[in-house]
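# Generate coordinates for the sequence data below:
(2 chains)
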There are 2 protein chains.
Amino acid sequence: MKLASLNQGRDGELIVVSRDLTRAVRATDIAPTLQAAIENWDALAARLEQRYAQLNDGQAEAAFELDQAALHSPLPRTYNWADGSAYLNHVQLVRQARGAEMPETFWTDPLMYQGGGDRFIAPTEDIEAVSEEHGIDFEGEIAVITDDVPMGVGAEAAADHIKLVMLVNDVSLRGLIPGELAKGFGFFQAKPASSFSPICVTPDELGDAWRDGRVHLPLSVHLNGDKFGEPEAGPDMIFGFPELVAHAARTRHLGAGAVIGSGTVSNPDANGGPGKPVKDGGVGYSCLAEVRMVEKILHGDSKTPFMRFGDRVRIEMFDREGQSIFGAIDQQVVKYQPQ
Amino acid sequence: MKLASLNQGRDGELIVVSRDLTRAVRATDIAPTLQAAIENWDALAARLEQRYAQLNDGQAEAAFELDQAALHSPLPRTYNWADGSAYLNHVQLVRQARGAEMPETFWTDPLMYQGGGDRFIAPTEDIEAVSEEHGIDFEGEIAVITDDVPMGVGAEAAADHIKLVMLVNDVSLRGLIPGELAKGFGFFQAKPASSFSPICVTPDELGDAWRDGRVHLPLSVHLNGDKFGEPEAGPDMIFGFPELVAHAARTRHLGAGAVIGSGTVSNPDANGGPGKPVKDGGVGYSCLAEVRMVEKILHGDSKTPFMRFGDRVRIEMFDREGQSIFGAIDQQVVKYQPQ
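Residues are numbered from 1 along each chain as shown, chains lettered A, B, ... in the order given. Prediction:
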């Protein structure tokens, strides 16, 4: 099934969305918000599925035409947003660009940072940034929403706690990352509010593209209308979502509504080297930092700039029939104007 | 005024607590939860204050005897838990113990990490830990709760967004910190669920002990019934709470209910050297890591162990008349038993 949140109030209002994203129907009588639904998933999922079936069959009362611009991120805020970095090709490039080796343990012990979940951006809302000097970047990713996950869960059991899948734009301020990481306390100021695809879906909606706890489809990323990347999200994700959820829960219980991200989707080139840009016949990238690193490795210098005010990024994923699965994150960067 | 949450449901039920912590009265008719109250603070605070006055005057209908054991942390969960490290004496000791210099920028640019807020521990609930090998430690701290804070706020304006004050036990797994920090993504697995004092208070409750955005009172810490520390929370806090809130909001808006922590309360000795243990006439410490660092610096080796299963920590703060302000965090460490 496909769910979304109307952009009303701090937590949105729960709606069910048709498979083809054209129609929707309110579900606030079942659960007022997606957060409330995920907290009572076992009790409520069947009723939501029933409404979804009615909607797809044209039988849902009071169905309406879906306007993606009226949607917030599926969870407009969450108590736990933790983002992995499971595409180690991306991590290797970061290291290579600064002449450092990637530790061997990175192949067995996932990278994950704790993000702030108090105020996500809506999928088509502007990305407010204080300064272009901060090195504004997007990161196209996939994320899952879990129900309550007990501390110490193994990866196999963690898989059952993955209830919904969506896309992420993990907005990053590259200019602030080196200073923040040097302090040793994580990204903090370098990771402002993120946004998510307008629609989230249960894993069964992905059909056989959901296997091994990964989404085996390309992620479509456009920058100012030009295709910037179409990396495959499946094969190079070193840790699947069940492993990432288990990692997040190693020393703590996760509360229902926890959002666990994959990290920037990234593929090496067919020969194992850094991936090529789309214009050179490669699959491209899902963040600007990566093309800049590749430029630096190949040519000694980065020439692609970070985002400037007015730049627009679009992140979407299509099934094998060309149907948009999650709707589009489509955002412009604007200069923040204090009130 | 003093507020707390009965340990019911995921977000608790809002109560008003008398100044002397003996009596309480429900406030769920004004706001069902503290989260709901802080989201509408300007509209609701006066009504809560009125009920608080009635309670203190013995005029509140349906008042009842307060049982601190029935309380959860004031916000049983929050969308944003960000913890500073504003007592640089603590940071200097960490560095000194491993033979590293503290960068000069630490005096002007606060350290802060993003914590997970999805499932705090109740103030008298057991601290479940997977293994003693993880180096289980407490950290006695102070934290504030804000309403909505706009991105880019200055410290002066940030002060007006500080609505409530409480204590924290920022549970830390010292054995996991070096490995996590080496990965560069922050503490993650090394910072499991924290707990907070059962009662939170508006800054005016602190009288002249609240000045310069700091709490000028000693923090009382007991380990297994013995006094472990009574460090002064005011003078050595290099960044006040308004500065910490402004730091947290530099590149993002903070949603109402954000909890911003001070970091481990820590005092240098009168001569500027590492603080002495209580038994040697010092003010002691508010975490085990610090006494271990001092032992290492003075004697070449740490002899105080981290917490073991069955150990108990109590964190409290008293006003100048000896009245407990926030109630007590009083927790035992137990071995986690998976269900």
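
# any idea of the pLDDT on the residue of chain A at minimum distance from chain B?
Going by CB to the nearest CB, chain B is nearest to residue A:186 of chain A, at 2.4 Å. All C-beta atoms are positioned from the backbone trio N, CA, C, and that covers glycine. In this model, residue A:186 is scored at 94, pLDDT.

# Relative to residue A:294, how far out is residue A:300?
Residue A:300 sits 12 Å away from residue A:294, going by CB to CB, to the nearest Å.

# So these two - more neighbours on which side?
Neighbour tally, residue A:300 and residue A:294, criterion other CB atoms under 10 Å in any protein chain shown: the higher count belongs to residue A:294, 23 against 7.

# how close does the more buried one sit to residue A:273?
Residue A:294 is 9 Å from residue A:273, by CB to CB.

# The spatially closest residue to residue A:285 that is not a sequence neighbour: what's it in contact with?
In space, and not counting its chain neighbours, residue A:285 is closest to residue A:229: 4.4 Å by CB to CB, 6 or more residues apart in numbering or on different chains. By CB atoms under 8 Å, 6 or more residues apart in numbering or on different chains, residue A:229 lies in contact with A:140, A:219-221, A:265, A:278, A:283-286.

# Return the subset of the residues you listed lying in strands.
If you go by DSSP state E, those have A:140, A:219-221 in strands.

# is the closest residue in space to residue A:27 that isn't next to it in sequence in a bridge, and if so with what?
The shortest distance from residue A:27 to any non-neighbouring residue, by CB to CB, 6+ apart, is to residue A:14 (4.6 Å). Per DSSP bridges, the residues bridged to residue A:14 are residue A:5.

# Would you confirm that residue A:14 contacts residue A:29?
No - Residue A:14 lies out of contact with residue A:29 (CB atoms under 8 Å); the separation is 9.3 Å.

# okay, these two: which has more neighbours?
Neighbours were counted for residue A:14 and for residue A:29 using other CB under 10 Å; residue A:14 has more, 24 against 9.

# mind checking pLDDT for the more buried one?
Reported pLDDT for residue A:14: 98.

# What residues sit buried inside stretch A:70-86?
By neighbour count with 16 or more other CB atoms under 10 Å in any protein chain shown, stretch A:70-86 contains the buried residues A:70-86.

# Stretch A:138-154 now?
In stretch A:138-154, counting by 16+ other CB under 10 Å, buried: A:138-149, A:151-153.

# what does stretch A:100-114 give?
With the criterion 16+ other CB under 10 Å, stretch A:100-114 contains buried residues A:106, A:110-114.

# Show me how far that stretch is from its chain's centre.
Taking the mean of its C-alpha atoms, stretch A:100-114 sits 20 Å from the chain's own mean (CA atoms, centre = their mean, to the nearest Å).

# What separates the first and last residues of it, distance-wise?
Stretch A:100-114 stretches 24 Å from its first residue to its last (CA to CA, to the nearest Å).

# ok, residues contacting that stretch?
Counting by CB under 8 Å, 6+ apart, A:81-86, A:88, A:91-92, A:95, A:186-187, A:191, A:238-239, A:243-244, A:247-248, A:263, B:113-116, B:179, B:182-188, B:191 sit against stretch A:100-114.

# Give me the buried positions along stretch A:307-326.
Buried-residue list, stretch A:307-326, by 16+ other CB under 10 Å: A:307, A:311-317, A:324-326.

# for that stretch, what is the average pLDDT?
Here the average pLDDT along stretch A:307-326 is 98.

# Kindly report the same for stretch A:149-167.
Stretch A:149-167 shows a mean pLDDT of 98.

# Which elements pack onto the longest helix belonging to chain A?
Identified as the longest helix of chain A according to DSSP state H is helix A:41-56. Packing contacts for helix A:41-56, counted by 3 or more CB pairs under 8 Å, 6 or more residues apart in numbering or on different chains; DSSP states H and E, involve strand A:13-17, strand A:23-26, helix A:34-39.

# what's the angle between it and strand A:13-17?
Between helix A:41-56 and strand A:13-17, the angle comes out at 50 degrees (axes from the mean of the first three to the mean of the last three CA atoms, to 10 degrees).

# partner strands of the helix or strand following helix A:41-56, parallel or antiparallel?
Using DSSP states H and E, the helix or strand that follows helix A:41-56 in sequence is strand A:64-65. Using DSSP bridges, the strands paired with strand A:64-65 are strand A:23-26 (antiparallel).

# buried set for the partner strand?
In strand A:23-26, counting by 16+ other CB under 10 Å, buried: A:23-26.

# quick one: the helices in the stretch 101-250 of chain A?
Ranges of helices in the stretch 101-250 of chain A, per DSSP state H, counting those that start in this stretch, are A:155-159, A:177-183, A:241-248.

# Residue A:2: which of these is closest?
When these are compared by CB to CB, helix A:241-248 sits nearest residue A:2, at 18.4 Å.

# can you tell me the average pLDDT over the closest one?
The average pLDDT within helix A:241-248 is 98.

# pull the CA atoms of that helix into PDB?
Extracted C-alpha coordinates of helix A:241-248, given in PDB (Å, rounded to 0.1, in the frame of the first residue of the first chain):
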ATOM      1  CA  PHE A 241      18.200  -2.300   5.600                       C
ATOM      2  CA  PRO A 242      17.800  -5.200   8.100                       C
ATOM      3  CA  GLU A 243      21.500  -4.900   9.000                       C
ATOM      4  CA  LEU A 244      21.200  -1.100   9.300                       C
ATOM      5  CA  VAL A 245      18.200  -1.400  11.600                       C
ATOM      6  CA  ALA A 246      20.000  -4.000  13.700                       C
ATOM      7  CA  HIS A 247      23.000  -1.600  13.900                       C
ATOM      8  CA  ALA A 248      20.800   1.300  15.000                       C
END
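
# continuing past that helix, what's the next helix or strand?
Downstream of helix A:241-248, the first helix or strand assigned by DSSP H and E is strand A:259-261.

# helices or strands next to the next helix or strand after that following strand in the packing?
Downstream of strand A:259-261, the first helix or strand assigned by DSSP H and E is helix A:288-299. Contact here means 3+ CB pairs under 8 Å, 6+ apart; on that basis helix A:288-299 packs against helix A:88-97.

# got the angle between the helix it packs on and helix A:288-299?
Using the same axes, to 10 degrees: helix A:88-97 against helix A:288-299 is 50 degrees.

# Against which helices or strands is helix A:88-97 packed?
Helices and strands touching helix A:88-97, by 3+ CB pairs under 8 Å, 6+ apart, are helix A:288-299.

# ok, the helix or strand just after the helix it packs on: who's next to it in the sheet?
Sequence order places strand A:312-317 as the next helix or strand after helix A:288-299, per DSSP H and E. Partners of strand A:312-317 in the sheet, by DSSP bridges, are strand A:219-223 (antiparallel), strand A:329-335 (antiparallel).

# Verify the contact between residue A:241 and residue A:210 for me.
No - when contacts are counted by CB under 8 Å, residue A:241 is not listed as touching residue A:210 (9.5 Å).

# Now pLDDT too, for the buried residues of stretch A:100-114, in TSV please.
Compiled in TSV, the buried residues of stretch A:100-114 are given as follows (pLDDT from 0 to 100):
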residue	pLDDT
A:106	94
A:110	97
A:111	96
A:112	98
A:113	97
A:114	98
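
# So residue A:287 versus residue A:168, what's the distance?
From residue A:287 to residue A:168 the distance is 11 Å (CB to CB).

# Could you name every residue contacting both of the two?
Between them, residue A:287 and residue A:168 share the contacting residues A:139-140, judged by CB under 8 Å, 6+ apart.

# Which residues are in contact with residue A:174?
Going by CB under 8 Å, 6+ apart, residue A:174 touches A:134-137, A:190, A:288-289, A:306.

# Same list (these) but as JSON lines, adding neighbour count.
Converted to JSON lines, the contacts of residue A:174 look like this (neighbours: other CB atoms under 10 Å in any protein chain shown):
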{"residue": "A:134", "neighbour count": "21"}
{"residue": "A:135", "neighbour count": "21"}
{"residue": "A:136", "neighbour count": "25"}
{"residue": "A:137", "neighbour count": "24"}
{"residue": "A:190", "neighbour count": "22"}
{"residue": "A:288", "neighbour count": "24"}
{"residue": "A:289", "neighbour count": "23"}
{"residue": "A:306", "neighbour count": "23"}
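
# All set, thanks.
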